[in-house]
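Peer 1: Here is a sequence with its predicted model. Questions after.
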Amino acid sequence: MQEIGMLTNFNKPTELAKMTSLVAKAYGMELIYIRPKDINIEEKKVYGKILVNNKWVDKTTDIPPFIDAAPYCFMRKNKEKMDFLRKTTFLSDNRRNVVTKEMLQNTLSKDEQFSHLMIPTHKIKSFQDMDSYLHDYQKIVLKPGKGLRGKGIYIIEKKDNDLFTIGFNKEKWDADVNALEEFFDNTVRGKNYILQKYVTSRTPQGDPFDCRVHVEKDGTGKWAVAKIYVRIGIGQSVISNVNQGGGISDPKEFLKANFNGQHEEIYQNLLKLGTQIPKKMEQLRGTHIMSLGLDIGIDTNGKLYLFEVNDGPSTKAVISEVAFLRSNYYLYVLENRLNRKVKVKDSTDELENNQKEIRELKEIIAEKEKQLNSILNSKSWKLTGVMRKVRRKMTKKK
């Protein structure tokens, strides 16, 4: 079997690694699960794990010709090893010419195809920058320029000349001008933060939401939409971050319930952006990319805004789709980019066992999604929106 690598920072192989390994085996590829510390530069070997009879076992092998590398592995402490891999193998993303949030907004703002999606954005250098944005827009978003998965994001709203509200995760607190400047000095000054105009993307119940369009390269080397889903920040005051306790919903049901009459047009526009924006990202970076997560907000009038593009998107809600698309892309790269012939192993029993494991994993994931969607789209959930609003206000007063 042709070996391929999956490089992450997690000590234990993930659910995605397991499903991808099962699918890859059916295509004649052996997935080796690797962490940066498993790479031996001197020996040009990796000390990883492979899936055998549904159990991960140790395996030492040469550097695989293709490695699916998570962006989080490109940390300063791993620089020597990642530089080595850049020269030695084909990486799913080599992290060259990374586009910052500010750069993306500024570039696309000048592009006729995407300018209508853009939000006023500015790199913050001083307290005066923040004060000016609050004067112009009343409500702003403050986020790390290189943040990932919604971490470190604040929302600040100007109530009057000397009163502001700061929101972070599920918390809110009031601040006067002096307290706001103190917040800036302690949290923002000297750090890579950007300012954005706040765009209202909330459900009628007051919960923030956005649409995640998860895209992957497919078996032809082209971009494909793996899945679109709505992320709802249940009980959150800032963003719709599933990692902070939010939930997800089916896009068609959600859009129909909240944007009646516009839902189909909005959905088709989301699909279209799923192929247009990734092509633009590759053009801007001048290199190949395998996976992206587009975060798109929708205001009360149904207008779409591009919040950001993540090159290390979470796969929790798209495990089965990603496993199939990536396995096909691995095969494409091996045969079309690296000129390596991959032969499918002729073992009916093994293929049937793999397919059984895949079906079981897909059923477990689908059942979890079904239960959550049932809750989010139920009448009782929508009716309790008022209660959640009251709870947020009570938390704010404490």
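Peer 2: Received it, and whenever you're ready, just let me know what you need.
Peer 1: all contacts plus neighbour counts: C-alpha atoms, from now on.
Peer 2: Fine.
Peer 1: Now do the strand or helix carrying W56: distance to the chain's middle.
Peer 2: Here W56, judged by DSSP states H and E, is contained in strand 55-62. The chain centroid and the centroid of strand 55-62 are separated by 29 Å under C-alpha atoms, centre = their mean, to the nearest Å.
Peer 1: Return the distance of the residue positioned nearest the centre of the chain relative to W223.
Peer 2: By C-alpha atoms, centre = their mean, the chain has its centre lying nearest to P313, at 2.4 Å. Computed as C-alpha to C-alpha, to the nearest Å, the P313 to W223 distance reads 15 Å.
Peer 1: cool, and T287?
Peer 2: In terms of C-alpha to C-alpha, T287 sits 14 Å off from W223.
Peer 1: Check L22 too.
Peer 2: The value you get for L22 to W223, if C-alpha to C-alpha is used, is 23 Å.
Peer 1: Who has more neighbours out of those two?
Peer 2: L22 (28 against 22; other C-alpha atoms under 10 Å).
Peer 1: Quickly note the distance from that one to I155.
Peer 2: Taken as C-alpha to C-alpha, the span from L22 to I155 is 43 Å.
Peer 1: And for F183?
Peer 2: From F183 to I155 the distance is 12 Å (C-alpha to C-alpha).
Peer 1: Looking at those two, which is more packed in?
Peer 2: Ranked by neighbour count (other C-alpha under 10 Å), F183 and I155 place I155 first, with 22 against 15.
Peer 1: pretty sure the more buried one contacts I140?
Peer 2: Yes - judged on C-alpha atoms under 8 Å, I155 makes contact with I140 at a distance of 5.8 Å.
Peer 1: pLDDT value on K55, please?
Peer 2: pLDDT for K55: 95.
Peer 1: burial count for it?
Peer 2: 9.
Peer 1: sec struct for the residue nearest to the centre of the chain, please.
Peer 2: coil (DSSP: H, G, I helix; E, B strand; the rest coil).
Peer 1: same question, N339
Peer 2: Going by three-state DSSP: N339 is coil.
Peer 1: Just the buried residues of stretch 174-187, please?
Peer 2: Using 16 or more other C-alpha atoms under 10 Å as the test for burial, stretch 174-187 gives D174, A175, D176, L180, E181.
Peer 1: Quick check: helices, which of those residues are part of them?
Peer 2: Residues of the buried residues of stretch 174-187 located in helices (DSSP state H): L180, E181.
Peer 1: Between the buried residues of stretch 174-187, which sits nearest E42?
Peer 2: E181 (51.3 Å; C-alpha to C-alpha).
Peer 1: Now do the contacts for the closest one.
Peer 2: Each residue near E181 by C-alpha atoms under 8 Å, 6 or more residues apart in numbering is listed here: F127.
Peer 1: Distance of it relative to S126?
Peer 2: 10 Å.
Peer 1: Also N11?
Peer 2: 40 Å.
Peer 1: Tell me which of those two has more neighbours.
Peer 2: S126 (14 against 9).
Peer 1: For that one, which non-adjacent residue is closest in space?
Peer 2: For S126, the nearest residue in space outside its immediate sequence neighbours is R189; the separation is 7.2 Å by C-alpha to C-alpha, 6 or more residues apart in numbering.
Peer 1: give me the number of residues near that neighbour?
Peer 2: 16.
Peer 1: show me the contacts for S109.
Peer 2: Taking C-alpha under 8 Å, 6+ apart, we find S109 in contact with S115, H116, M118.
Peer 1: Let me see the ranges of the helices in this protein.
Peer 2: Using DSSP H, helices in the chain cover 15-26, 79-88, 101-109, 127-137, 177-187, 251-258, 263-285, 319-332, 348-376, 379-383, 385-397.
Peer 1: Next, find the distance separating F168 from M118.
Peer 2: Taking C-alpha to C-alpha, one finds F168 at 23 Å from M118.
Peer 1: Next, show the common contact partners of I155 and I140.
Peer 2: With C-alpha under 8 Å, 6+ apart as the test, I155 and I140 both reach Y198.
Peer 1: circling back: identify the farthest-apart pair in the buried residues of stretch 174-187.
Peer 2: D174 and E181 (12.7 Å).
Peer 1: residues touching E3, list them.
Peer 2: Counted by C-alpha under 8 Å, 6+ apart, E3 has contacts M29, E30, L31, I32, P64, P65, F66.
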